[in-house]
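[1] turn this into a model:
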Amino acid sequence: MALRLKKVIGALVLVLVAASLVVMFLVGRSPGGGGGMGGAAGVWLSGRRVAGVASPVVAVVRIEGEIRSGLSAETLTASLAGSDAVVGYLDEALSDPSVCAVVLRLNSPGGSAAAAQEIAGAVWRLRDAGKVTVASMGDVAASGAYWVSSACHEVFANPGTLTGSIGVIMEVQSLEELYRKLGIGVTTFKSGPYKDMGSSTRPVTPDESSLLQAMIDDVYTQFVDTVTVNRHLPREAVLDLADGRVFTGRQALQADLVDHLGGLQDAEDRAAEMAGIEGAYTVREIGSVSAFERLLRWLGTRTPALASADGGWGPLGILRRLLLLPWPGVQDAIP
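    Predicted structure coming up:
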């Protein structure tokens, strides 16, 4: 019986891996969806992609999933857009003389303020070098993703895109009562009164609340100032919109948070037009990965972020993959 159970589990694992390979291979080879084995490249001519024609390049860099510092990561159920990886892709476009314009394709709820600032800084390096930058919003480009989008020359959104969410949030959990019921005691040794600020083992003190709120207010001010400068809007107008609310693409257009309604190809065409490209142009995805690399990312062998928290093939790792659960630590962040 035990041998038969092991065979069944082994067969299930093989089926999951085989299915993942097929799905990742198909996704990797779909137009604009990851580039297959060599990266998605082609030429748009009258709305059609034509291969093998030498022409100016419009690069596409994708920001998928929550924005975090460090490397990008990918599982079957979640993605992380690492600022180190995205900045590297943008710098690659910066150093490539054939790239005349860059389209950032965003599908992200936001994430780390610092990571968004790093990516926005790379966008400004492109602008300072005279290269056109256009943001193209997918399903959602909110909070930190809007921070990045606002750095581009122009922003496209679909009418049903969810964007905005200009604001900052931090949550501190207090599990003191739960620990008490479970009989868990915690003794803290610290060098200063605020070293364990935000600990879940005790409530936040009034002084700590003031310090944390001041920190949130400072990042919020940075966010508002960034949108004010990037979008050339009066600060008072941005403050009226910067209460954390989410806008549809059509509402964002009315509020001057985006410039156009349209999809990815519309953004590519506009980027080419702004770059002075006449006629056909090549669309090249920078940072696309092959099907095999997608599998390696899922297995956690390439990305340190997935190698932690039992991201290997320990009991918890196998259980998470069988149940298709997201990895620990993928939570909402600032902003």
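
[2] list every C-alpha atom in stretch 275-290, with coordinates, as CSV.
    C-alpha atoms of stretch 275-290 as CSV (Å, rounded to 0.1, in the frame of the first residue of the first chain):
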residue,chain,number,x,y,z
ALA,A,275,10.4,59.0,-31.2
GLY,A,276,10.0,60.2,-34.8
ILE,A,277,9.9,56.7,-36.3
GLU,A,278,8.1,56.7,-39.6
GLY,A,279,6.8,53.4,-41.0
ALA,A,280,7.6,50.0,-39.6
TYR,A,281,9.4,49.4,-36.3
THR,A,282,10.6,46.5,-34.3
VAL,A,283,9.0,45.5,-31.0
ARG,A,284,11.6,43.9,-28.8
GLU,A,285,10.8,42.6,-25.3
ILE,A,286,13.7,43.0,-22.9
GLY,A,287,13.7,40.7,-19.9
SER,A,288,11.5,38.0,-21.4
VAL,A,289,12.4,34.4,-20.4
SER,A,290,12.2,31.0,-22.0
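
[3] just for this structure, where's the confidence low?
    1-10, 13, 15-54, 74-78, 288-335 (pLDDT under 70).

[4] those helices in it, which residues are they?
    Assigned by DSSP state H, the helices in the chain fall at 2-29, 83-95, 113-128, 144-150, 176-182, 206-231, 235-241, 249-254, 264-274, 291-299, 304-307, 315-323.

[5] now Leu211: how far from Ser200?
    From Leu211 across to Ser200, the span is 17 Å (Cβ to Cβ, to the nearest Å). C-beta coordinates here come from the backbone N, C-alpha and C atoms, glycine included.

[6] and what of Thr248?
    Thr248 is 36 Å from Ser200, by Cβ to Cβ.

[7] for Asp139, same thing?
    33 Å.

[8] got the contact list for the residue nearest to Asn107 when sequence neighbours are not counted?
    Excluding the flanking residues, the one nearest Asn107 by Cβ to Cβ, 6 or more residues apart in numbering is Gly138, at 3.7 Å. Contact analysis of Gly138 by Cβ atoms under 8 Å, 6 or more residues apart in numbering lists 105-107, 158, 161, 264.

[9] tell me the one of those residues nearest Leu241?
    Checking the contacts of Gly138 against Leu241 with Cβ to Cβ, the nearest one is Thr161 at 15.6 Å.

[10] leaving out chain neighbours, which residue sits closest to that closest one?
    Excluding the flanking residues, the one nearest Thr161 by Cβ to Cβ, 6+ apart is Gly249, at 3.8 Å.

[11] test my guess that that neighbour contacts Ala157.
    Yes. Applying Cβ atoms under 8 Å, one finds Gly249 in contact with Ala157, separated by 3.4 Å.

[12] neighbour count winner among these two?
    Neighbours around Gly249 and Ala157, counted as other Cβ atoms under 10 Å, are more numerous at Ala157. The numbers are 32 against 24.

[13] any idea how far the more buried one lies from Ala252?
    In this view, Ala157 and Ala252 are 6 Å apart by Cβ to Cβ.

[14] which neighbours do the two share?
    Both Ala157 and Ala252 are in contact with 163, 258, where contact means Cβ under 8 Å, 6+ apart.

[15] next up, the contacts around Ala85.
    Counting by Cβ under 8 Å, 6+ apart, Ala85 has contacts 71-72, 287.

[16] swap the cut-off to 10 Å and go again
    Contact analysis of Ala85 by Cβ atoms under 10 Å, 6 or more residues apart in numbering lists 61, 63, 70-73, 119, 287, 303.

[17] what is the nearest of the residues you listed to Arg125?
    Ile119 (10.7 Å).

[18] around the closest residue to Leu212 other than its chain neighbours, how many other residues sit close by?
    Computed as Cβ to Cβ, 6+ apart, the closest residue to Leu212 that is not its neighbour in sequence is Met170, at 6.5 Å. When neighbours are counted by other Cβ under 10 Å, Met170 registers 14.

[19] just checking, Met170 touches Gln213?
    Yes. Contact criterion Cβ atoms under 10 Å: Met170 and Gln213 qualify, at 9.2 Å.

[20] thinking again about what came up before, of the contacts of Gly138, which is the most crowded?
    Neighbour-wise, the contacts of Gly138 (other Cβ under 10 Å) top out at Leu106, 31 neighbours.

[21] for Val229, see how far away the residue lying closest to that residue once chain neighbours are set aside is.
    Leaving aside its chain neighbours, Leu106 sits nearest to Ala141 (4.1 Å; criterion: Cβ to Cβ, 6+ apart). Ala141 sits 19 Å away from Val229, taking Cβ to Cβ as the criterion.

[22] who has more neighbours, those two?
    Applying other Cβ under 10 Å to Ala141 and Val229 shows that Ala141 carries more neighbours, namely 34 against 13.

[23] nothing else from me, thank you.
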